[in-house]
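S.K.: Any chance you could fold what I've pasted below:
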Amino acid sequence: MRKVLIVGGVAGGASAAARLRRLDEEAEIILFERGEYISFANCGLPYYIGGEITSKSALTLQTPASFNARFNVDVRVSCEVISIDRAAKSVNVKNYVSGQVYTETYDKLILSPGAEPIKPNIEGVDSGRVFTLRNIPDTYKIKDYMDSQKPQSAVVVGGGYIGVEMAENLRAAGMSVTLIEMANQVIAPIDCEMACEVHRYLESKGVRLILKSAVKSIAEEEGGLTVTLNDGKVSGEILIMAIGVKPESGLASAAGLEVNERGAIVVDDHMLTSDPDIYAVGDAVQAADFVTGQKGFIPLAGPANKQGRIAADNVCGLGSRYKGTQGSAILKVFEMTVAATGVSEKTAKRLGLSYDKSYTYSASHAGYYPGGTGMSIKMVFERETGKILGAQVIGFDGVDKRCDVIATAIRAGMSAYDLTELELCYAPPYSSAKDPVNMAGYVIENLLTGKVKNFHWEDAAGLPRDGSVTLLDVRTPGEYARGSIEGFVNIPLDDLRGRLDELNRAKPVYVICQVGLRGYLAARILTQNGREAYNLSGGYRLYNTIFG
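M.R.: Numbering: from 1, shown residues only. Predicted coordinates:
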């Protein structure tokens, strides 16, 4: 009978324990959890604070008793594994209820310690008004403070997933909110021009957004906090520190297991550490990027669950392999949805990949059916083959299913040509006969086959205004009057064929429209009439979102 110890619950550890029991009814399985909760909805914690989730019990997915009854796992909460003796194949455990420290031996050990919030070493960070959010006790602490002190203003430091979710939920709780981010954008996994759409929307919802600014110190004053930045000061009655997480790998490192420069535990594709009897899973481990193969730190719940299952398989000799994390993630921002999968353009550029990109703006369902909304889709693809490398989708309806389809396409190694052939469900309330995913494929196919040449938002300012090229805006006069890019003249698309003689055949034509579709049509007209034409991908809408 094998004896398996698991350090840490939640996604990775609890998944490993349940899978182990399903594979081996005879194994002795002991799960240690430093806190009181072995399996809780950590992604739901901000929504309890904001009042969207009202029941404490909804956050607890399994109790020690229910987990034991279902899986016959010896669950020991309030018990921390404080050291590992690899030679003796044992761990030392501290029971925080009794104060006892005892030793437990193992045949196999699975580490799932997770990641902990980064707390910067700045003055005032230990104030009783400053909070981080990782687990249920943190959640209750924040909620209890809000209920008792009734703060009216909040500062959130960090524009990642947790920071943005907390900004939304503190607004939902009736507070004024200032969100501070050191980078030039929120939500780092997406590209900056896509984040600009989120910035505008957050501000429309009453969130004060301060970018490219770092917190230098926090001072507790009567009635609240004064937060000193590198370029000013802000105030609030409560502060949420959400600047990111780091692997909680101290236990592994102290035991001599290999960790990388960021402190993540190094594992192979069996989730095996540098010790042949110790596995590690979840937010504490180094994971390979599925698209690029690069090693990195990608703390997400989905991969943690899969890794727990794979570690359990390998404990039982099944030989399962983890094939990499592609970073599929989704975020609710008030009514907006932001989703991403695969590599971003900035990652592709940093790694020197041969890539191109496209932007489309499509309706969530058939235009003639009421209630449709638009969604922005950015695709990153391999320049030579059209293989899909990544995508970012922002909108209000149907974003999740489009990003999920593209995530599946990436996992299957599909190209843009394959996207055009996908037969996706269609009815007017749900989609269009040409789904937004199909449309993204068609746009890339047109690029790959030379039917159109694109230029991009970052190229527009550098186009010559000396008359050596023609700058053409093919929107309606009304649209043009409401704003255009400097130097572009207006000839509406429907008038273009009759006014071709106004365009010098020897000069390249750079075309813009609102979202790129009319620009593509204009470019086809121009190309087939002997002009060299380039279309602004994403159109004036994207350009204005960034610079307007």
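
S.K.: can you pull the contacts of the residue minimising distance to the centre of the chain?
M.R.: Geometric centre of the chain, nearest residue: residue 329, 4.2 Å, by C-alpha atoms, centre = their mean. For residue 329, the contact set (C-beta atoms under 8 Å, 6 or more residues apart in numbering) comprises 161, 189, 300, 339-341. (C-beta placed from N, C-alpha, C; glycine too.)

S.K.: Equivalent analysis for residue 442, please.
M.R.: Residue 442 touches 420, 434, counting by C-beta under 8 Å, 6+ apart.

S.K.: On the C-terminal side of the helix or strand containing it, identify the next helix or strand.
M.R.: Take DSSP states H and E as the rule and residue 442 turns out to sit in helix 436-448. As assigned by DSSP H and E, the chain's next helix or strand after helix 436-448 is strand 454-455.

S.K.: Packing partners of that following strand?
M.R.: strand 533-536 (3 or more C-beta pairs under 8 Å, 6 or more residues apart in numbering; DSSP states H and E).

S.K.: And the next helix or strand past the strand it packs on?
M.R.: helix 539-547.

S.K.: Flag every buried residue along that next one.
M.R.: 539-546 (16 or more other C-beta atoms under 10 Å).

S.K.: One more: stretch 398-414?
M.R.: 398-399, 401-407, 409-411, 414.

S.K.: any chance of those in CSV, with distance to residue 445 and secondary structure too?
M.R.: Converted to CSV, those look like this (distance: C-beta to C-beta, whole Å; DSSP: H, G, I helix; E, B strand; the rest coil):
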residue, distance to residue 445, secondary structure
398, 22, coil
399, 23, helix
401, 22, helix
402, 17, helix
403, 20, helix
404, 21, helix
405, 17, helix
406, 15, helix
407, 20, helix
409, 14, helix
410, 17, helix
411, 21, helix
414, 13, coil
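
S.K.: For residue 255, which residues are in contact?
M.R.: 83-86, 275, 278.

S.K.: er, residue 538 I mean
M.R.: 359-361, 376, 456-457, 515-516.

S.K.: Mind jotting down where the helices sit in the stretch 101-250 of the chain?
M.R.: 136-149, 161-172, 192-204, 250-254 (DSSP state H, counting those that start in this stretch).

S.K.: who's in contact with residue 241?
M.R.: Residue 241 neighbours (C-beta under 8 Å, 6+ apart): 117, 119-120, 125, 130-132, 157-158.

S.K.: Most neighbours out of those residues, which is it?
M.R.: Within these, neighbour counts (other C-beta atoms under 10 Å) peak at residue 157, which reaches 29 neighbours.

S.K.: which among the contacts of residue 255 end up buried?
M.R.: For the contacts of residue 255, buried by 16+ other C-beta under 10 Å: 84, 86, 275, 278.

S.K.: Now compare the residues you listed and name the two farthest from each other.
M.R.: 84 and 275 (8.7 Å; C-beta to C-beta).

S.K.: The contacts of residue 329 into CSV, with extra columns for pLDDT and distance to residue 284?
M.R.: Shown next, in CSV, are the contacts of residue 329 (pLDDT from 0 to 100; distance: C-beta to C-beta, whole Å):
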residue, pLDDT, distance to residue 284
161, 95, 18
189, 96, 20
300, 88, 13
339, 98, 25
340, 98, 23
341, 98, 23
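
S.K.: can you put the buried residues of stretch 398-414 in JSON lines and add distance to residue 185 and pLDDT?
M.R.: Supplementary listing: the buried residues of stretch 398-414 in JSON lines, determined by distance: C-beta to C-beta, whole Å; pLDDT from 0 to 100:
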{"residue": "398", "distance to residue 185": "24", "pLDDT": "96"}
{"residue": "399", "distance to residue 185": "19", "pLDDT": "98"}
{"residue": "401", "distance to residue 185": "25", "pLDDT": "97"}
{"residue": "402", "distance to residue 185": "22", "pLDDT": "98"}
{"residue": "403", "distance to residue 185": "19", "pLDDT": "98"}
{"residue": "404", "distance to residue 185": "24", "pLDDT": "98"}
{"residue": "405", "distance to residue 185": "26", "pLDDT": "98"}
{"residue": "406", "distance to residue 185": "21", "pLDDT": "98"}
{"residue": "407", "distance to residue 185": "22", "pLDDT": "98"}
{"residue": "409", "distance to residue 185": "26", "pLDDT": "98"}
{"residue": "410", "distance to residue 185": "23", "pLDDT": "98"}
{"residue": "411", "distance to residue 185": "27", "pLDDT": "97"}
{"residue": "414", "distance to residue 185": "29", "pLDDT": "98"}
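
S.K.: And stretch 246-261, end to end?
M.R.: Distance between the two ends of stretch 246-261: 11 Å, counting by C-alpha to C-alpha, to the nearest Å.

S.K.: Show me the beta-bridge partners of the residue nearest to the centre of the chain.
M.R.: residue 340 (DSSP bridges).

S.K.: same question, residue 380
M.R.: residue 357, residue 390.

S.K.: which ones are touching it?
M.R.: 342-345, 348, 355-357, 388-391.

S.K.: Now for residue 271: which residues touch it?
M.R.: 279-281, 285, 307, 310-311, 314, 322 are the contacts of residue 271 under C-beta under 8 Å, 6+ apart.

S.K.: again, 6 Å this time
M.R.: Residue 271 sits next to 279, 281, 307, 310-311 when contact means C-beta atoms under 6 Å, 6 or more residues apart in numbering.

S.K.: Perfect, that will be all.
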